[in-house]
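In: Sequence and predicted structure, then a few things I'm wondering about:
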Amino acid sequence: MCGIVGAIAERNVVEILLEGLRRLEYRGYDSAGVALLSNNGDYSQVRRTGKVNELANAIDAKNGMGNVGIAHTRWATHGGVTENNAHPHVSKDRISVVHNGIIENYQALREELKAQGYSIDTDTDTETIAHTVHSLLATSGSLLAAVQNAVKKFHGAYGTVVMDREDPSRLIVARSGSPLVIGLGIGENFIASDQMALLPVTRRFIYLEEGDVAEITRREVKIYDAYGQPVERGVVESNINHDAGDKGGYRHYMLKEIYEQPTVVRNGLQGRINDSGLVSGIFGEGADELLAKVKHVQIIACGTSYHAGMTARYWLEQYANVSCNVEIASEFRYRKSVVHPNSLLLTISQSGETADTLAALRLAKELGYMASLTVCNVESSSLVRESDMAFMTKAGAEIGVASTKAFTTQLTAFLLLTIALGEKNGMSAADKEMILSGLHSLPSKIEETLTLAKSIEVLAEEFSDKNHSLFLGRGEQYPIAMEGALKLKEISYIHAEAYASGELKHGPLALIDEKMPVIVVAPNNELLEKLKSNVEEVRARGGIMYVFADKNANFKSDETMRVINVPNCNEAIAPIVYTLPLQLLSYYVALIKGTDVDQPRNLAKSVTVE
Ligand code: F6R
């Protein structure tokens, strides 16, 4: 999604802005731009479609100087990918604006602005922000007041930074629905949509809250809430590693993140389990009392996080005896739903900023859920701040657009939650012991499973000329099949569908022929015999299968079936372990196909618009 960087300093800020944009590149974008203003009033603006390097190459001594500046990477929502639609957008050669989010009433605003004599020169909704601020400047008395008045007219979501060419001493920022963070320097200050952009220049951050408008000068940050009242927002010291954005010798972030899984899962368990169970208080202060009352869990998430939620449902019902529903956030937020008594609203998100998930949480608060818990990877995110309880997955920065380590750490978190809820709801000692011993062995099982990479790389060759594929799993491996299919389609652009294999005969069998590879996830569990029958159904119709199976499941490679043996592991952690070969498969298929693995086409990392 779009990225914002802004800076106000005594020094030239152009490199700070460009480095900030580069650090946001992973989020996905199609064009970029920068506007710079010098203390002597000189102004320059450069915009380019394509990568940030295209923009950097277009900047030279003449247009690359400014003590204050704003910059943006755009992921098109309104209007095509053109230089003219790239930000910053300017009104009357005076007000320059960068914006994340969507101004939903932009058509009505355009008409209003046209009637006032403004010409509309782009296809974007953002242009209306620039003109609206400009139109209110004369009557408002200051840029701050003009922005405060302007935001009252906007419906939708915005994180925006506004610069006045006639005043190089301040930037005004406003946030509603799209995240913005202020970075504090010494005699200089910064702004970004993600703290990652600012790590080279500061570790001290202020996270703006919904409705906040702030005035940022070199020495001061003044924040006003949605009612225009001055407010203090706390300063947070970030402990994110400056190098979190490096590939660390790997060819792609995705591969690095796949190989980080043993470490991050270990980190996520450290201090949270011991030999006899969970360490108390791991879900936060007061959480144990709240969780003790939970009788139903409603899970809300999108994409990969939704697949984690689907897996969690199997665990919560099977082991913890707690009923559970799982729903995609964009559906949940727009339909009438029934709230069960003592219901916990559980959101799952890597970024903590996914617009639909956040909106679903806000809706749920009105619906009367007993409490909300988020399982999230970003401590400073809106979901963490707005939920009653937060459980951090500790996966570290995930840069590859295709989620990998975020997913396995989410699943690890759900095994902990299963124990926490199960202990209050009659979980058997044997199940608790099985999950616990699985968790203790998990980091080393992940390590062992990653050694399959070479044989999976060879297997991937067979997919490079395929256009379609089917993924099959049963029980808690069905969501893992779904996640495998999502990974493959995201980064290799091969059409992939996942089915619970018992469902094959109800339709999808019609698709089977030698051109449709069928990927089967087959751990040695109580559904194995059923799964084997489904495999025979495919074989009888000439399908070619790729089976990821436990050695004891006794699948043998032959002319219709390639079998990769996955290390033996206990039932509880099998969904996590079987995820890894599917991640590796999609990575190597994408590599062979030569796609942009870390930034697949049309996708963005953090989906902060609806
Ligand atoms: C897939 C992927 C997306 C995200 C989804 C939700 O690889 O990354 O499907 O899982 O956009 O994002 P979060 O988890 O940040 O809410």
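Out: Yep, that arrived. These numbers were taken from a predicted model, which means no experiment stands behind them.
In: Most proximal residue of the chain with respect to the ligand?
Out: The chain approaches the ligand most closely through residue 303 (1.9 Å), counting by Cβ to the nearest ligand atom. Any C-beta I mention is one placed from the backbone N, CA and C, and that applies to glycine too.
In: so how far is residue 316 from that residue?
Out: 20 Å (Cβ to Cβ, to the nearest Å).
In: do residue 549 as well
Out: Residue 549 is 26 Å from residue 316, by Cβ to Cβ.
In: what's the answer for residue 35, then?
Out: 50 Å.
In: same deal with residue 531?
Out: 23 Å.
In: and what of residue 300?
Out: 14 Å.
In: which of these two has more neighbours?
Out: Shown here are residue 300 and residue 316; by other Cβ atoms under 10 Å, residue 300 has more neighbours (32 against 26).
In: Tell me the secondary structure at that one.
Out: Classification of residue 300 by DSSP: H, G, I helix; E, B strand; the rest coil places it in strand.
In: surely it meets residue 343?
Out: No - Residue 300 sits out of contact with residue 343 when judged by Cβ atoms under 8 Å, with a separation of 11.8 Å.
In: and residue 210, what is it in contact with?
Out: 175-177, 226, 382 (Cβ atoms under 8 Å, 6 or more residues apart in numbering).
In: The residues you listed in strands, which ones?
Out: 175-176 (DSSP state E).
In: Hmm, which of the contacts of residue 210 is lowest in pLDDT?
Out: Ranked by pLDDT, the contacts of residue 210 bottom out at residue 177, which has 85.
In: and it, how many neighbours does it have?
Out: 22.
In: count of neighbours near the closest residue to it other than its chain neighbours?
Out: Excluding the flanking residues, the one nearest residue 177 by Cβ to Cβ, 6 or more residues apart in numbering is residue 157, at 2.9 Å. Using other Cβ under 10 Å, residue 157 has 21 other residues around it.
In: Next: residue 537.
Out: The number of residues packed near residue 537 is 15, by other Cβ under 10 Å.
In: Now do the contacts for it.
Out: Residue 537 neighbours (Cβ under 8 Å, 6+ apart): 504-505, 509.
In: Kindly report the same for residue 455.
Out: So residue 455 contacts residue 564 (Cβ under 8 Å, 6+ apart).
In: Can you tell me the element it falls in?
Out: In the assignment (DSSP states H and E), residue 455 maps to helix 453-460.
In: partner residues bridging residue 343?
Out: Beta-bridge partners for residue 343, by DSSP bridges, are residue 296.
In: Let's see the pLDDT reported for it.
Out: The confidence metric pLDDT takes the value 97 at residue 343.
In: ok, it to residue 410 distance?
Out: Relative to residue 410, and taking Cβ to Cβ, residue 343 is found at 20 Å.
In: Quick check, the residue nearest to residue 177 in contact with residue 356.
Out: No - taking contacts as Cβ under 8 Å, residue 157 lies outside contact range of residue 356: 11.5 Å.
In: How far away from the center of its chain is stretch 331-350?
Out: 19 Å (Cα atoms, centre = their mean, to the nearest Å).
In: hang on, the earlier thing: run through the residues that contact the residue nearest to residue 177.
Out: 100-102, 176-178, 355, 608-610.
In: same question, residue 361
Out: Applying Cβ under 8 Å, 6+ apart, the residues near residue 361 are 300, 345, 347, 372, 374, 383, 386-387.
In: if we can go back for a sec, which one of residue 343 and residue 410 has more residues nearby?
Out: It is residue 410, of residue 343 and residue 410, that has more neighbours when counted by other Cβ under 10 Å, with 29 against 22.
In: Just the pLDDT for that one.
Out: 98.
In: Which residues of this structure lie near the ligand?
Out: The chain comes close to the ligand at residues 302-305, 349-351, 354, 357, 402-403, 486, 490, 606-607, as judged by Cβ under 6 Å from any ligand atom.
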